[in-house]
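Engineer: Build me a model from this:
(3 chains)
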Amino acid sequence: MRVDSLKTGFLVAVISLMLAACSSTSTQDTAGVSTSDATSLPSDEVATGTVSDRGVSGMDMMGSDVDTVFYFDFDKSILKPEARAALSIHAERLISYPQNTRLEGHADERGTREYNMALGERRAMAVKEYLVLQGVNPAILEVISYGEERPKVVDSNEQAWALNRRVELK
Amino acid sequence: MTEQFTNYSLAALCSVALHTLLVTLLVVGWAPENKPRHVVKPRYIEATLLQMEPKAKSEPKPAVDADAARRRAEQEKKAALEKEAARKREIAKREQAKKAEEQKRKAEAERKEKARQEQLKKEKLQKELAEKKRLEEQKREAERRKAVEQDLASALAKEEDFIDSVSDQEQIGSYSNYIQERIENNWSRPPSARRGMEVILEIQLVPTGRVAGVAIIKSSGNAAFDRAAEQAVYKVGQFDQLKGMDPALFEREFRRFRMLFKPEDLRL
Amino acid sequence: MIRHLICLAGLMALLASPVLRAELTIEINRGADNPTRVAISPILLRSGALPEDVSSIVSDDLQRSGLFEPVDRANMLSYPRTVNEVYYRDWRVLGVEYLVVGDAVRQPDGRIDVNFTLLEVHSERKVFTKQVQGYQNNIRDIAHFVSDRVYEAVTGIRGAFSTRIAYVTAMTDSSQSMVFRLMVADADGARERMLLESREPIMSPGWSPDGKELVYVSFETGRPAIFRQRLSDASREQLTNFQGLNGAPSWSPDGRQLALVLSKDGNPEIYLFDLASKQFTRVTRNFAIDTEPNWTPDGKSIIFTSDRGGRPQVYRQNLASGNVERLTFRGDYNARPRLAPDGRTMVMVHADNGNFHIATQDLITGDLRVLTETFLDESPTVAPNGAMCLYATKRGKSGLLAAVSLDAGVKYFLPARNGDVREPAWSPFL
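Structural biologist: Residues are numbered from 1 along each chain as shown, chains lettered A, B, ... in the order given. Take a look at the predicted model:
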């Protein structure tokens, strides 16, 4: 049940990301900015980068029926038993069918932003190390931390925080 | 009986005369001791000016707008409470003093009564004694009475002297406390103020308690700190409770005096 | 008779006091520290109108500092423009301690000259007269200049009203995706301008010591990278592009280096990056998280967050000797330290029992003081004059900026905006 809803959420997120990326050429227009020294990024730089990276690997992972999001305790980066089980299955598949995979680490909003960046990375590294230990080629794994910048649930309570302390496989 | 009364009224007259002389001397400013009066941070809260100001009136509130008024009102409330407490303490103290005085008076009366009884006894004896001894007796009696009178007078004088010097110091202390309290409630130290900074001001007052002049005697080296001290004095502007002060004391101590601003409660 | 006695007493006192008596000295050791009552008489052009109300801006500046209590214009009995027009009594009845009068004159070339005078009301003394020049389009700069001078005269501290703040906003747009913006505004939040917009996170803005550039982290390439950007022409340069973290840039006081965080060697470490030679020097060597570096004002040490002791705490490392010293011991979370200009007062995020607040710690005495009581407080940044600290906090689901004086006596929120406002960075003196 939870897995399903998470997957749906993930799908929505990916699709909206793609939509956003496509539409970004129009919305990221400097015309709306009145001051002369304001800059907007060249839209293609952001858009292309995002789509090619995310679209491919993310959609493929969705094909699996195994958890792709793993949760952590506050200020911790220790894998929980259920995460290990799911990751073992991912490891087998990645050994059989190697494909580039992003491990995105996240933190909840408590604590400082740069420390949370480090914490998100540490969580994603924990996942990477586990996969590598199972025999996955480290070259196909990319770790990236978003810290608290991309919360799954925008709210300030224990439930939201628990869902935001996570690593996503994409 | 009547004779005895006349005798004692003479003594009383003497005593009154002595007292009058003493009081006159005091009013004229006969102060034998000239110790330097350095009132060093009197920390106890005491707004004890009741004996000279039976109707200690509340200070007129400066016209300020709501926000400051609220803050100041709070402070004034606190100050008022403290003052009230102090006043109560003072009343208690005064009552105690009164009681003590009464007891003293009573004791003295008893002493006199005893003396009178003795006298009566002696008279009975005297009557029994030969007539020729009477003159001699009378003479001796007069001498004795004189001695007692002298004793009493010197004791009283000593007491008056003591009371006077104590109340003088007490008055300076309480007026200083009052001034200190008013200034502290109005001193806004600039954020550049640091522990160890000192500015000395000379304050000039007129007998109504109004500030007539402020001058920097010794600068702190920080213009903002100096200015804030001056502003505190100007802001108070008027020390109402000084109105009732003994003029001699005012002239001696408060027409011109110094204030040392030396913050001790700052973090840095 | 009584009069005679008084005269006699007075005479005796006069005769006696200079020779025999030490003058009475009353010692004042405490203060009430109430805001100073000040009035800014309207500063207007003799003919025509200014596009902004200078006196109101000055009043607002001074009010916000918490050290002043400006008089409402509606309560003023007169609007003097020059010293000669001042009736001190009018101001004394209002309890005003300091009065500012000023006059604006438009020159033929369009320049606007403002002459202003600070007066002490009680002593009827002039503190100073100054002139500032500007143009129609920077009246706010003129006003902040006036605020700075008044503030400095009364407080003894340089005013920081002419400084700026940088911050990041995040909001969801019509297509429900996040938009991140790097913004710059005046210290009072006015004249907000956008420097950068991205659909990927923007983080950790910091100022160059000359106040002309910003460094920040942007995820625009798909992963975090450090950029520098000039404010005047918006020209920008990507400085780092490593695997892993590229974060927490902090400009050195001499402007030549950045301290920053890279995890290219496996875990987050602090490096120095030389802006001229583009060389990196590793500072920390530790299996723990080392991040959020900030320079001491002398440029000789770095203070930073590390969880090498198990929990995030603040450490200081001398760059020459490499000596490391733990600075924080109270609370189970102390992070993202920033030093006030005195080099002694450290502000940081401090948590005990999961409540995140802004705290100061005196690096000499070790005294720790929690300044805030808002919710999820973070990213403290100190004004260049060391008087105020700006930080980010949460109200409901969105973030906003708040300010607190370093003595915790003054607290206010900056006007709320749409979306999330976060990571304020106070500029140096400009």
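Engineer: switch to C-alpha atoms for all contacts and neighbour counts from now on
Structural biologist: OK.
Engineer: what ranges do the strands span in the stretch 101-250 of chain B?
Structural biologist: B:199-205, B:211-218 (DSSP state E, counting those that start in this stretch).
Engineer: Kindly report the same for chain A.
Structural biologist: Listed in chain order, the strands of chain A (DSSP state E) span A:69-71, A:101-106, A:141-147, A:166-169.
Engineer: Can you tell me what sits against the shortest one?
Structural biologist: This points to strand A:69-71. For strand A:69-71, the surrounding residues in contact (C-alpha atoms under 8 Å, 6 or more residues apart in numbering or on different chains) are A:79-80, A:83, A:162-169.
Engineer: which one of those is nearest C:Lys126?
Structural biologist: Distance to C:Lys126 across those (C-alpha to C-alpha) is lowest for A:Asn164, with 60.5 Å.
Engineer: Could I get the contacting residues of that closest one?
Structural biologist: Neighbouring residues of A:Asn164 by C-alpha under 8 Å, 6+ apart: A:71, A:106-108, A:148, A:151-153.
Engineer: swap in C:Arg330?
Structural biologist: For C:Arg330, the contacting residues are C:Leu368, by C-alpha under 8 Å, 6+ apart.
Engineer: State the distance from C:Leu24 to C:Pro312.
Structural biologist: Distance, C:Leu24 to C:Pro312, using C-alpha to C-alpha, to the nearest Å: 56 Å.
Engineer: the domain parsing of chain C - what is it?
Structural biologist: Domains of chain C are assigned by automatic domain parsing as C:8-26+C:162-426, C:34-155.
Engineer: what about C:Leu24 and C:Pro312, which has more around it?
Structural biologist: More crowded of C:Leu24 and C:Pro312, by other C-alpha atoms under 10 Å in any protein chain shown: C:Pro312, with 27 against 20.
Engineer: any idea how far the residue nearest to B:Leu242 when sequence neighbours are not counted is from B:Tyr178?
Structural biologist: Spatial nearest neighbour of B:Leu242, excluding adjacent residues (C-alpha to C-alpha, 6 or more residues apart in numbering or on different chains): B:Gly209 at 5.1 Å. From B:Gly209 over to B:Tyr178 the distance is 12 Å, taken as C-alpha to C-alpha.
Engineer: any weak-confidence spans in the chain?
Structural biologist: I'll assume chain A. Applying pLDDT under 70 to chain A flags the ranges A:1-64.
Engineer: oops, chain B please
Structural biologist: For chain B, applying pLDDT under 70 flags the ranges B:1-80, B:83, B:85-86, B:159-166.
Engineer: Now do the helices in the chain.
Structural biologist: Answering for chain A, as no chain was given. Applying DSSP state H to chain A gives helices spanning A:2-27, A:43-62, A:81-96, A:113-133, A:158-164.
Engineer: wrong one, chain C
Structural biologist: Here chain C has its helices, by DSSP H, at C:2-20, C:54-64, C:88-92, C:139-155.
Engineer: Comparing the ones you listed, which yields the minimum mean pLDDT?
Structural biologist: With a mean of 49, helix C:2-20 has the lowest mean pLDDT of the helices of chain C.
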